[in-house]
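Visitor: no letters, just coordinates:
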C-alpha cells in the first residue's frame with residue numbers, strides 16, 4: 001500500500017528495527033535492552049559509591065576515635081574513586097569497582113561471622129561483581145557510551 005491509500009484504521013504493523021549502528025551489529029533488541037539496563041545500574045552504583053564515600057569521609061572528619069578513622073578513611077577515599085571510575089567508564093574504573101565489590105563481600109562475610117549480617121554489603125558486592133563480569137564493553141578506550149546505548153534502546157522500542 002502506498003501512503004495515499006493506506007487504511008488509517010488498520011492494525012499497526014510491528015516496527016522493523018533495521019540495522020543498528022556499528023557498535024551494535026549482531027545485537028538483537030534484547031541484547032540492547034540488557035546492556036542499557038546494565039549501563040543504568042552502573043551509573044546508579046557509581047553515584048551510590050560516591051555518596052557513601054563522601055559520607056564516610058564526613059563521619060571520619062567528625063570522629064574522635066582513631067579506630068573509626070583508621071577504618072573509614074580508606075573507605076571514604078576508595079569509594080568515590082571507584083564511583084568516579086564507574087561514571088566515567090575508564091578501564092581502571094572497572095578494576096576499582098571490582099576491588100570495592102570484593103571488599104563489600106568480605107565485609108559481609110565478616111559481619112556474618114560476627115553474628116550481625118549486613119545484607120547491603122552483600123547486595124553492593126554482588127552487583128559490583130556482576131558489572132565487572134558483564135560490563136567489559138562498557139569500559140575502556142573503545143567503550144560503548146551510555147548515550148549511544150540509550151539511542152539504540154529507544155530505536156528498538158519504536
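Guide: Structure's in. What do you need? Predicted model, so just to flag it, every value in this text is computed and none were measured.
Visitor: number of residues surrounding residue 139?
Guide: 23 (other CB atoms under 10 Å). Glycine gets a C-beta too; all of them are placed from N, C-alpha and C.
Visitor: show the model's pLDDT score for the residue positioned nearest the centre of the chain.
Guide: When CA atoms, centre = their mean is applied to the chain, the residue found nearest the centroid is residue 42 (0.9 Å). In this model, residue 42 is scored at 88, pLDDT.
Visitor: and residue 57, by the same measure?
Guide: Residue 57 is given a pLDDT of 87.
Visitor: quick check: next helix or strand after whichever strand or helix holds it?
Guide: For residue 57, the host element (DSSP states H and E) is helix 29-62. Counting by DSSP H and E, the next helix or strand C-terminal to helix 29-62 is helix 66-88.
Visitor: that next one to helix 29-62, inter-axis angle?
Guide: For helix 66-88 against helix 29-62, the angle by axes from the mean of the first three to the mean of the last three CA atoms, to 10 degrees is 150 degrees.
Visitor: quick check: which helices or strands does helix 66-88 pack against?
Guide: helix 29-62, helix 91-113 (3 or more CB pairs under 8 Å, 6 or more residues apart in numbering; DSSP states H and E).
Visitor: repeat the analysis, applying 10 Å as the threshold.
Guide: Judged by 3 or more CB pairs under 10 Å, 6 or more residues apart in numbering; DSSP states H and E, helix 66-88 is in contact with helix 29-62, helix 91-113, helix 119-134.
Visitor: among those helices, which comes closest to residue 141?
Guide: Proximity to residue 141, assessed across the helices and strands packed on helix 66-88 by CB to CB, is greatest for helix 91-113 (7.1 Å).
Visitor: give me the angle between the closest one and helix 119-134.
Guide: Using the same axes, to 10 degrees: helix 91-113 against helix 119-134 is 150 degrees.
Visitor: apart from its chain neighbours, what residue comes closest to residue 52?
Guide: residue 79 (5.1 Å; CB to CB, 6 or more residues apart in numbering).
Visitor: right, I'll call it a day here.
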